[in-house]
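S.K.: Next input, structure requested:
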Amino acid sequence: MTDSTASAPGRTVLLRGGEIHSPADPFATAMAVQGEHLAWIGSEGGADTFAATADEVVDLDGALVTPAFTDAHVHTTATGLALTGLDLTGAAGPGDALARIRAHAADHPHDEVLLGHGWDATTWPGQRPPGRSELDEAAGGRPLYLTRVDVHSALVTTSLLNRIPEAGGMRGYHPDGPLTDAAHHAVRRAAQATVTAAQRRAAQRAALRRAAELGIGAVHECAGPDISGENDFTELLGLAAEEPGPRVFGYWAELLTDARQAGRIRELGAVGAAGDLFADGSLGSHTAHLHAPYADAAHTGTAHLDAAAVAAHVSACTTAGIQAGFHAIGDAALTAVTEGVRTAADRLGSERIRAMRHRVEHAEMLTADTVAAFAEFALTASVQPAFDAAWGGEEGMYAQRLGPERARTLNPYAALLRAGVPLAFGSDAPVTPLDPWGTLRAAAFHRTAGHRISVRAAFAAHTRGGWRALGRDDAGVLVPGAPADYAVWRTDALVVQAPDNRVARWSTDPRSATPGLPDLSPGTELPECLRTVVAGRTVHDRLNG
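M.R.: Numbering: from 1, shown residues only. Okay, the predicted model is just below:
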């Protein structure tokens with residue numbers, strides 16, 4: 001994260017000569033910032049009023065200014081470790097993965113536990129990950145912890161397992177394959193316990209720096225006792241408060257049964273008892289909870305919460321005045337969540353439930369009934385379009401796990417918008433990379449055509465939608481009085497892009513009142529971030545470089 005006194009709070013900055021993406025004036029070319037808020041948006045003639053007294057005047061030279069993106073689902077430390085450590089993303093097979101492990105082990109002789117992320121055996125020969133003996137050899141007998149791309153299962157070496165002998169008797173243990181469920185959580189805690197405070201801070205800085213470089217001004221950290229430790233969570237919030245960079249809003253995924261337990265959530269600095277509070281697992285690891293068995297496995301996955309537990313949690317959170325939320329991917333998990341929310345609404349009243357804007361992460365295998373329940377109870381769908389780009393399609397991982405017919409129902413963004421369900425977009429980094437424009441492209445060019453939405457709707461979900469998911473309606477948009485969280489982009493001409501992939505030049509008819517956005521058609525170049533500003537302070541700057 002970089003600090004620029006040129007845009008420090010308290011100063012007046014005028015940006016002119018560009019394209020300002022604002023509903024206040026769809027033809028604006030200039031914008032004034034005073035301190036931490038936007039003061040004015042308009043045309044070049046009005047900009048002259050501010051030019052004489054501004055502390056800084058920025059010539060945009062045709063650049064686009066938009067609200068900064070909000071990534072509504074991030075695991076910050078894990079993202080930083082993936083950026084700076086052993087990355088198995090894109091490994092061509094077990095041999096390639098083992099070679100990367102050997103190289104990483106040689107380059108990190110002093111690490112107590114070798115940490116890596118990103119392997120995915122679905123495209124490997126026989127879909128076979130390396131066995132434990134192969135991992136032992138590649139790691140030179142050292143402890144090794146490798147999360148699958150979805151972070152719901154992991155490969156480990158014998159020496160790491162020897163540190164937690166009780167894992168062998170836990171649910172999800174496998175003598176030679178990936179660990180899931182309780183066994184995975186146990187080894188994850190043991191591996192994470194070896195990460196020093198200095199390593200954590202370096203990883204957090206790396207992740208937040210990368211977010212700022214991509215025009216992301218805020219992230220929702222989805223933490224919890226089964227994901228990362230309390231120290232990791234509180235240290236991240238402390239770092240974000242101390243140093244310039246993207247805003248960090250923390251969710252702590254701890255199940256509540258009584259409203260009095262919410263005091264602990266607040267003490268941690270969390271904005272809600274939500275995020276990755278697991279109702280189930282993931283499709284890639286065969287742990288998402290389904291109504292009917294997997295197409296490639298004779299079971300229906302894993303249920304971590306039933307409707308009664310969901311109802312108790314939502315009731316406790318609503319009574320305490322904090323957000324509740326759940327990780328739910330499979331159709332059976334989503335049924336349990338919506339039935340539980342309905343029970344809570346019967347107890348407390350629907351309006352109290354709706355007012356809290358409780359949220360559901362991922363929400364992939366939705367049905368007409370669960371979509372209707374999301375709309376009825378104003379549940380925010382915190383979703384990741386990059387999942388479809390990575391695993392959708394007729395031959396992708398979803399089709400392997402569910403069969404093509406069920407796979408085509410996944411991630412129905414158009415149906416959610418038609419029903420009036422609030423959408424917030426994120427990456428689930430490090431599961432998929434921080435990549436906001438790529439996220440918009442994935443939503444607009446969904447592999448199932450009927451689920452596509454316009455770039456404009458996707459943009460709203462990745463900017464204003466993230467703020468609304470926090471209960472804030474005054475941010476994520478460039479209008480006078482809004483927080484000065486914005487990004488400056490080098491991009492080609494602006495267009496209006498419909499969900500059927502049609503592209504039209506931005507209309508110059510004032511009656512259209514539709515601000516344009518970059519053309520995100522497949523094969524086009526994505527915009528380059530030149531500057532990111534958060535609360536009036538520059539946290540990334542290449543505008544003058």
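S.K.: Correct me if wrong: D181 contacts H289.
M.R.: No - counting by C-beta atoms under 8 Å, D181 stays clear of H289, with 11.9 Å between them. Heads up, the C-betas are built off the backbone N, CA and C, glycines and all.
S.K.: Hmm, E230 is touching L268, no?
M.R.: Yes - with contact defined as C-beta under 8 Å, E230 reaches L268; the gap is 6.6 Å.
S.K.: between the two, who's got more neighbours?
M.R.: L268 (16 against 13; other C-beta atoms under 10 Å).
S.K.: Okay, that one and A295: tell me how far apart.
M.R.: Applying C-beta to C-beta, to the nearest Å, the value for L268 to A295 is 40 Å.
S.K.: ditto for F377
M.R.: Applying C-beta to C-beta, the value for F377 to A295 is 31 Å.
S.K.: These two: who's more crowded?
M.R.: Neighbours per residue (other C-beta under 10 Å) separate F377 from A295, with F377 holding more: 20 against 15.
S.K.: so who does the more buried one touch?
M.R.: Contact analysis of F377 by C-beta atoms under 8 Å, 6 or more residues apart in numbering lists 338, 341-342, 345, 350, 353-354, 358.
S.K.: let's see 7 Å
M.R.: By C-beta atoms under 7 Å, 6 or more residues apart in numbering, F377 lies in contact with 341, 345, 350, 353-354.
S.K.: Name the nearest of these relative to R406.
M.R.: Among the contacts of F377, V341 lies closest to R406 (C-beta to C-beta), at 23.8 Å.
S.K.: so which helix or strand takes in the closest one?
M.R.: Per DSSP states H and E: V341 is located in helix 331-348.
S.K.: Does the helix or strand that that helix is followed by pack against any helices or strands, and if so which?
M.R.: Following helix 331-348 in sequence order, the next helix or strand is helix 350-356 (DSSP H and E). If contacts are counted by 3 or more C-beta pairs under 7 Å, 6 or more residues apart in numbering; DSSP states H and E, helix 350-356 sits against helix 307-320, helix 331-348.
S.K.: Now tabulate those in TSV and tack on distance to T66 and mean pLDDT.
M.R.: Below are the helices and strands packed on helix 350-356 laid out as TSV (distance: least, C-beta to C-beta, whole Å; pLDDT from 0 to 100):
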stretch	distance to T66	mean pLDDT
helix 307-320	33	98
helix 331-348	32	98
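S.K.: any chance of those in a markdown table, plus distance to G420 and mean neighbour count?
M.R.: Listed next are those as a markdown table, based on distance: least, C-beta to C-beta, whole Å; neighbours: other C-beta atoms under 10 Å:
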| stretch | distance to G420 | mean neighbour count |
| --- | --- | --- |
| helix 307-320 | 20 | 22 |
| helix 331-348 | 15 | 23 |
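S.K.: Let me have those helices in a markdown table, extended by distance to H446.
M.R.: Converted to a markdown table, those look like this (distance: least, C-beta to C-beta, whole Å):
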| stretch | distance to H446 |
| --- | --- |
| helix 307-320 | 28 |
| helix 331-348 | 19 |
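S.K.: Quick check: which of the ones you listed is nearest to G250?
M.R.: Nearest to G250 among the helices and strands packed on helix 350-356 is helix 307-320 (15.2 Å), distances taken as C-beta to C-beta.
S.K.: Just the CA trace of that closest one, in PDB.
M.R.: Taking Å, rounded to 0.1, in the frame of the first residue of the first chain, the C-alpha atoms of helix 307-320 are listed here in PDB:
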ATOM      1  CA  ALA A 307     -32.700 -25.600   9.700                       C
ATOM      2  CA  ALA A 308     -33.000 -25.500  13.500                       C
ATOM      3  CA  ALA A 309     -29.400 -24.300  14.000                       C
ATOM      4  CA  VAL A 310     -29.900 -21.700  11.200                       C
ATOM      5  CA  ALA A 311     -33.100 -20.400  12.900                       C
ATOM      6  CA  ALA A 312     -31.400 -20.100  16.300                       C
ATOM      7  CA  HIS A 313     -28.400 -18.200  14.800                       C
ATOM      8  CA  VAL A 314     -30.600 -15.800  12.800                       C
ATOM      9  CA  SER A 315     -32.900 -15.200  15.800                       C
ATOM     10  CA  ALA A 316     -29.900 -14.500  18.100                       C
ATOM     11  CA  CYS A 317     -28.300 -12.100  15.600                       C
ATOM     12  CA  THR A 318     -31.500 -10.300  14.700                       C
ATOM     13  CA  THR A 319     -32.300  -9.800  18.400                       C
ATOM     14  CA  ALA A 320     -28.800  -8.500  19.000                       C
END
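S.K.: Measure how far that helix is from the centre of its chain, please.
M.R.: Its chain's C-alpha centre and that of helix 307-320 lie 24 Å apart, by C-alpha atoms, centre = their mean, to the nearest Å.
S.K.: Tell me where the model's unsure across the stretch 351-500 of the chain.
M.R.: Applying pLDDT under 70 to the stretch 351-500 of the chain flags residues 500.
S.K.: so where do the helices sit in it?
M.R.: For the stretch 351-500 of the chain, applying DSSP state H, counting those that start in this stretch gives helices covering 368-376, 386-391, 397-402, 404-407, 413-419, 436-444, 455-462, 464-468.
S.K.: which of D181 and H289 has more neighbours?
M.R.: Using other C-beta under 10 Å as the criterion, D181 and H289 rank with H289 on top: 24 against 20.
S.K.: The more buried one sits in which helix or strand?
M.R.: Assigned by DSSP H and E, H289 falls outside every helix and strand.
S.K.: Excluding sequence neighbours, find me the nearest residue to it.
M.R.: The spatially closest residue to H289, leaving aside those adjacent along the chain, is D280, at 3.7 Å (C-beta to C-beta, 6 or more residues apart in numbering).
S.K.: what kind of secondary structure is that neighbour in?
M.R.: coil (DSSP: H, G, I helix; E, B strand; the rest coil).
S.K.: quick one: contacts for it?
M.R.: Neighbouring residues of D280 by C-beta under 7 Å, 6+ apart: 287-289, 301-304, 328-330, 333.
S.K.: Quick check: of those residues, which has the highest neighbour count?
M.R.: A333 (33 neighbours).
S.K.: any idea how far that one lies from G340?
M.R.: For A333 relative to G340 (C-beta to C-beta), the value is 11 Å.
S.K.: Equivalent analysis for S315, please.
M.R.: Going from S315 to G340 by C-beta to C-beta gives 9 Å.
S.K.: Same check on R102?
M.R.: 47 Å.
S.K.: do G10 as well
M.R.: G10 is 47 Å from G340, by C-beta to C-beta.
S.K.: Kindly report the same for A82.
M.R.: Distance of A82 to G340, computed by C-beta to C-beta: 33 Å.
S.K.: Just want to check the distance between T367 and A449.
M.R.: Separation of T367 from A449 (C-beta to C-beta): 19 Å.
S.K.: Give me the more crowded residue out of the two.
M.R.: Shown here are T367 and A449; by other C-beta under 10 Å, T367 has more neighbours (16 against 12).
S.K.: Identify the residues contacting the residue nearest to the more buried one when sequence neighbours are not counted.
M.R.: Once flanking residues are discounted, T367 sits nearest to D331: 6.1 Å by C-beta to C-beta, 6+ apart. When contacts are counted by C-beta under 7 Å, 6+ apart, D331 touches 290-291, 365, 367.
S.K.: you'd agree R200 is in a helix?
M.R.: Yes - under three-state DSSP, R200 sits within a helix.
S.K.: Need the per-residue pLDDT for it.
M.R.: At R200, the pLDDT value in this model is 91.
S.K.: need the contact list for it.
M.R.: Applying C-beta under 7 Å, 6+ apart, the residues contacting R200 are 77, 232, 235.
S.K.: could you pull out the helices for the stretch 101-250 of the chain?
M.R.: 132-138, 158-161, 181-192, 197-213, 230-242.
S.K.: Report the contact partners of A68.
M.R.: 215-218, 485-487, 532, 534.
S.K.: Now it: closest residue in space that isn't a chain neighbour?
M.R.: Using C-beta to C-beta, 6+ apart, the closest residue to A68 is G217 (2.7 Å).
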